[in-house]
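In: Okay, here's the prediction I keep looking at, along with the sequence it came from:
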Amino acid sequence: MQQVKLVSAGEKLIFSLSGEIDSATSDNFYAAVRAAYQHDKKDVVFDCAALTFIDSTMLGTFVKILKEVKADGYSMLLKNVQPRIRKLFEICALDTIMEIER
C-alpha cells in the first residue's frame, strides 16, 4: 500500500497519507515529499485521514519538513489527524509549532 500520495498540486501540495509510517519507511516518505516540494514549492497539506500509526522518527520527519517549508516562506498543515496520533503531537508539544487542523 502506498503510504504517501500527492493528490493535488493546485494552489497547495496536498499529500494523502495512509497506513503506518515509522522509522522503517520515514526516509522514503521524506524523499517523496521533498521531491514534490522541490519541484513545485508552495504550501504543504498532509491529509492524515487514513494514517493509522506514526512513531517518534516520523514526528522528527514532520519537523524537518516544516523547517524547510517555513524557511522558504510557506506553511504546512496536518488535517484529519486521528485522535491517537494527535496525542503524540501534543505530548511532544509539536502542536504548538505546527498547524494541526481540528
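Out: Sure thing, it's come through. This one's a predicted model, so the numbers in the text were calculated from it and none came from an experiment.

In: from here on, contacts and neighbour counts on C-alpha atoms
Out: OK.

In: what helices or strands is the top helix by length along the chain leaning on?
Out: If you go by DSSP state H, the chain has its longest helix at helix 56-71. Applying 3 or more Cα pairs under 8 Å, 6 or more residues apart in numbering; DSSP states H and E, we find helix 56-71 packed against helix 26-39, strand 76-79.

In: Next, the angle from the longest one to helix 56-71.
Out: Translated: helix 26-39. 10 degrees (axes from the mean of the first three to the mean of the last three Cα atoms, to 10 degrees).

In: quick one on the thing from earlier: gap between the longest helix of the chain and the chain center?
Out: 8 Å (Cα atoms, centre = their mean, to the nearest Å).

In: do stretch 5-12 as well
Out: With Cα atoms, centre = their mean, you get 13 Å for stretch 5-12.

In: So which bits of that stretch are buried?
Out: Under the neighbour-count criterion of 16 or more other Cα atoms under 10 Å, stretch 5-12 has 5, 9, 12 buried.

In: Report the residue spans of the protein with pLDDT below the cut-off.
Out: 1-2 (pLDDT under 70).

In: could I get the longest helix of the chain in PDB with only the CA atoms?
Out: The C-alpha coordinates for helix 56-71 follow below in PDB (Å, rounded to 0.1, in the frame of the first residue of the first chain):
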ATOM      1  CA  SER A  56       8.900   9.400  17.000                       C
ATOM      2  CA  THR A  57      11.000   9.200  13.900                       C
ATOM      3  CA  MET A  58       8.100  10.300  11.900                       C
ATOM      4  CA  LEU A  59       7.500  13.200  14.300                       C
ATOM      5  CA  GLY A  60      11.100  14.300  13.600                       C
ATOM      6  CA  THR A  61      10.400  14.000   9.800                       C
ATOM      7  CA  PHE A  62       7.400  16.300  10.000                       C
ATOM      8  CA  VAL A  63       9.600  18.800  11.900                       C
ATOM      9  CA  LYS A  64      12.300  18.600   9.200                       C
ATOM     10  CA  ILE A  65       9.700  19.200   6.500                       C
ATOM     11  CA  LEU A  66       8.200  22.100   8.500                       C
ATOM     12  CA  LYS A  67      11.600  23.800   8.900                       C
ATOM     13  CA  GLU A  68      12.300  23.600   5.100                       C
ATOM     14  CA  VAL A  69       8.800  24.800   4.100                       C
ATOM     15  CA  LYS A  70       8.900  27.700   6.600                       C
ATOM     16  CA  ALA A  71      12.400  28.700   5.600                       C
END
